[in-house]
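> here is my input, please return the structure:
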Amino acid sequence: MVAARRMIRFVAGLFTWIAGVSLLIAYLSVFIPPDRFWLPAFFGLAFPYLVAGVFLLMLFWWMQHAWRKGLVLFLLLVLGWGHMRHFYSLPRRPAPRPSGGITVMTFNVRSFDIFSDHDRRHPEEGIVSFLRKVQPDVLCLQEIYTSPRTVPEERVLTALGYPYHFITYTKVRENGSRYGIALFSRYPILHRQVIRYAGSSNCSQSCDILAGGDTLRFFNNHLQSTHLGGKEFRFAALPEDKEALQDVRRISMRLRTAYALRARQVRILRDSIDASPFPVVVCGDFNDTPVSYTYRHLSRGLTDAFVESGKGFGKTYHGKVPSFRIDYILHDPSWRSADYRTFHNDLSDHFAVMCTLYRDRGSLPRE
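Residues are numbered from 1 along each chain as shown. The predicted structure follows:
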């Protein structure tokens, strides 16, 4: 019995060191560009699980009356509180604000879900109906799809009914189908620009929007995708260890490549953000978690709408890989956000998120 208890404490001590060091690396990963050293980025990806592991180990040591070890783990968790609040936002009493404002939504529509249901006459109908019901003032879409035969662009534009739009296609196939990103607005778009990234089909858009008496520069982004599908996550059910190992290696290499490309894209995008003469709103699918070089670099000097006015867990991706928050609305600190919402539906493998932006000096007229 005594020997068994010693073995348990030894194993727990080993896991404590591993989990503690791993969590520290996750904290540091946000400062390290993955295109220069990629390994820490994987620890950042595992951040929620590392936190859970350290928390359970802390409880174990306190139950064992090993107060010092438990205290060290507690302090380690406290050290990462700034990261934890980006994953979970505590409910709070909404601050008083003026009426009106500008509603902003970002949504990765996964090609209007066309490939999951071939029987519908209008494959985009479900997503378009949802967007027409919500009617955000500025709508940022990623992974849009149009095709002369199945999803004509004109049909989508007519159904959405926005007076202003900016569509950027990054893939065009021989059958006329096109993929890209799009921004729709009820306010005039004064200036538009495409930010393209070498060696990638992902891109960003920059649009100056005149809302009332204010000009805001919106950045609609779809940063480097990992391109992981269901077949990459078979390894848990594979009968041969060799096959499972090959799948794990394949996933690791794709993640590593995506991390490196995204790091370069982030620096280009950050330069454009810093050069803006107007307050900025940075939206879109970053394909990265809040504990990442991507998020830290892009959110610097900006306010995260989820942290400011969201509540609960902020996950926006619900595909076959573990769910994380990878879709964001960041805004200039001279503006405030309220009524942050995540729309939990099955229209895409991403959830749409929306908030209301306003200035303290008063409301914006709606056109």
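> how about the nearest residue to Gly44, chain neighbours excluded?
The shortest distance from Gly44 to any non-neighbouring residue, by CB to CB, 6 or more residues apart in numbering, is to Ser29 (3.8 Å). To be clear about C-beta, it is placed using only N, CA and C from the backbone, and glycine gets the same treatment.
> what count of nearby residues applies to the one you found?
One way to gauge burial is a neighbour count; for Ser29, by other CB atoms under 10 Å, it gives 25.
> next one: Arg36
A total of 9 residues lie near Arg36 under the criterion other CB under 10 Å.
> secondary structure class for the residue lying closest to it once chain neighbours are set aside?
Distances taken as CB to CB, 6+ apart put Ala263 closest to Arg36, at 7.8 Å, once the chain neighbours are dropped. Secondary structure for Ala263, judged by DSSP: H, G, I helix; E, B strand; the rest coil, is helix.
> number the residues from 376 up from this point.
OK, 376 is where the count begins now, so the last one is Ala638.
> quick one, helices of the chain?
377-404, 414-420, 422-438, 442-454, 456-459, 500-509, 528-535, 616-649, 668-674, 680-684 (DSSP state H).
> need those in JSON lines (columns: distance to Thr717).
Rendered in JSON lines, the data for these read as follows (distance: least, CB to CB, whole Å):
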{"stretch": "helix 377-404", "distance to Thr717": "24"}
{"stretch": "helix 414-420", "distance to Thr717": "21"}
{"stretch": "helix 422-438", "distance to Thr717": "17"}
{"stretch": "helix 442-454", "distance to Thr717": "25"}
{"stretch": "helix 456-459", "distance to Thr717": "18"}
{"stretch": "helix 500-509", "distance to Thr717": "12"}
{"stretch": "helix 528-535", "distance to Thr717": "21"}
{"stretch": "helix 616-649", "distance to Thr717": "23"}
{"stretch": "helix 668-674", "distance to Thr717": "17"}
{"stretch": "helix 680-684", "distance to Thr717": "8"}
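> out of the ones you listed, the one nearest Ser575 is which?
For Ser575, the closest of these is helix 616-649, at 5.8 Å, according to CB to CB.
> so how far is Ala387 from the closest residue to Arg384 other than its chain neighbours?
In space, and not counting its chain neighbours, Arg384 is closest to Gln439: 7.0 Å by CB to CB, 6+ apart. In this structure, Gln439 and Ala387 are 8 Å apart, going by CB to CB, to the nearest Å.
> okay, now the domains of this protein?
Listed by automatic domain parsing, the domain ranges of the chain are 377-459, 477-732.
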